[in-house]
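[1] based on what follows, work out the 3D shape:
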Amino acid sequence: MSDSISYHNALIQGFVGAAGAVPGTVLSFPFDSIKIRQQTTPGLSLFSASNTQAAWGFHKGMGHAVNQKVMTRFPMFLVSAIAVEKAEAFMSEKRAAFFGSAVSGYATGSIASIAEWNKVQNSRGGGGGEGGGLLARSIRAHGLFLGIQKAIKRAHFCGMRNGCFDSIFFGTKHILTSRGYSDGTAYASAASVAVVGDFAMDVIAKRLMAVPPEDDLSKYKQGMFRETFKAVAKEGVGIFRGVVAKTGEFAISYFITGLFAATIMEKTRTLLNKYQ
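    Alright, predicted model coming up:
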């Protein structure tokens with residue numbers, strides 16, 4: 001297979017992720033809001049997180065959520081397809097699906113971290129970009145170099161979290177589709193497994209995002225893996241508070257993506273061939 005065909009197919013995969021993310025995110029957003037409240041507020045139950053906002057309040061931060069998902073999933077699917085194919089040159093397809101997606105996940109998660117920060121801040125009532133975005137506020141509060149360093153730390157944590165999720169998701173999806181499962185079932189099941197697998201890391205990333213740029217980040221002085229281990233050791237199963245809401249959110253979102261994957265691929269392939 002030539003490089004041009006590989007990148008052509010990778011672009012199609014990118015459109016599958018981006019197009020499927022929009023309706024999936026809108027329909028699953030109430031679960032996302034509940035999940036963020038539980039993750040960033042230790043001890044908050046599912047009922048309390050659902051009861052702390054009226055039905056109309058679930059839309060807050062939806063625009064940032066859609067923005068983040070499109071920003072993440074287009075390159076997530078595109079770069080993963082490229083990275084997996086390159087990895088297949090020196091390992092099996094199954095291993096390449098896990099390894100290649102971990103590398104691409106880190107890159108895309110880091111890039112989308114600013115949009116994620118806005119989403120988390122709005123879901124918690126923090127105002128998101130009010131007074132400037134994450135980088136601008138961080139530089140204004142800490143100076144140029146330290147401000148950039150603190151913004152990069154958030155991006156790094158998000159990248160590590162996304163690398164874990166993408167590795168589990170694409171690897172599991174590869175196994176399920178190779179065994180004959182439908183796209184909708186494979187996408188939803190793989191997303192659910194990935195949610196549980198990376199959930200503790202996601203909690204740490206969300207808590208870091210919940211910290212205003214002006215505040216000190218010394219609490220998160222260790223790397224992602226050490227911070228996650230410390231949190232799990234301290235909170236035990238309590239660290240998984242919010243996993244039910246997130247599993248529901250991602251199962252719905254990715255089921256819709258998988259449901260329309262074949263149609264999106266066909267339409268995108270036709271469009272790209274038309275303008276080649």
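[2] need the contact list for residue 176.
    Residue 176 makes contact with 185-186, 189-190, according to C-beta atoms under 8 Å, 6 or more residues apart in numbering. C-beta: built from backbone N, CA, C; applies to glycine.
[3] name the helix or strand for it, please.
    helix 144-178 (DSSP states H and E).
[4] in the following helix or strand past that helix, what counts as buried?
    Counting by DSSP H and E, the next helix or strand C-terminal to helix 144-178 is helix 183-210. Neighbour-count burial for helix 183-210 flags 183-184, 186-195, 197-210 (criterion: 16 or more other C-beta atoms under 10 Å).
[5] what angle do helix 183-210 and helix 144-178 make?
    160 degrees (axes from the mean of the first three to the mean of the last three C-alpha atoms, to 10 degrees).
[6] average pLDDT across helix 183-210?
    Averaging pLDDT along helix 183-210 yields 93.
[7] name the helices or strands packed onto it?
    helix 3-40, helix 113-123, helix 144-178, helix 224-235, helix 243-259, helix 261-274 (3 or more C-beta pairs under 8 Å, 6 or more residues apart in numbering; DSSP states H and E).
[8] so what touches the second one?
    Defining contact as C-beta under 8 Å, 6+ apart, one finds that helix 113-123 is touched by 32-33, 36-37, 40, 60-61, 64-65, 67-68, 71-72, 126-129, 133-135, 151, 154-155, 158-159, 205-206, 209-210, 212.
[9] who touches the nearest residue to residue 251 once chain neighbours are set aside in this structure?
    Nearest residue to residue 251 in three dimensions, chain neighbours excluded: residue 188, at 4.7 Å (C-beta to C-beta, 6 or more residues apart in numbering). Contact analysis of residue 188 by C-beta under 8 Å, 6+ apart lists 250-252, 254-255, 258.
[10] for residue 214, same thing?
    137-138, 141.
[11] one more pass at 6 Å, please.
    residue 141 (C-beta atoms under 6 Å, 6 or more residues apart in numbering).
[12] that one: which element?
    Here residue 214 is assigned to no helix or strand, by DSSP H and E.
[13] mind pulling the model confidence for it?
    According to the prediction, residue 214 has pLDDT 77.
[14] what do you get for residue 54?
    With respect to pLDDT, residue 54 scores 45.
[15] can you check residue 28 too?
    Per-residue pLDDT puts residue 28 at 80.
[16] in this structure it contacts residue 254, no?
    No: with contacts counted by C-beta atoms under 6 Å, residue 28 stays clear of residue 254, the gap being 9.1 Å.
[17] comparing those two, which residue is more hemmed in?
    A direct count of neighbours by other C-beta atoms under 10 Å for residue 28 and residue 254 places residue 254 higher, at 30 against 23.
[18] and that one, what does it touch?
    By C-beta under 6 Å, 6+ apart, residue 254 lies in contact with 187-188, 191.
[19] the same query, at a cut-off of 10 Å, please.
    Going by C-beta atoms under 10 Å, 6 or more residues apart in numbering, residue 254 touches 17, 20-21, 24, 28, 73, 169, 173, 183-184, 186-192, 194-195, 261.
[20] now do residue 231
    So residue 231 contacts 42, 200-201, 203-204, 207, 238-239 (C-beta under 10 Å, 6+ apart).
[21] tell me who's in contact with the nearest residue to residue 14 once chain neighbours are set aside.
    Counting by C-beta to C-beta, 6+ apart, residue 78 is the residue found nearest to residue 14 once chain neighbours are left out, at 3.1 Å. With contact taken as C-beta under 10 Å, 6+ apart, residue 78 is in contact with 7, 9-18, 104, 108.
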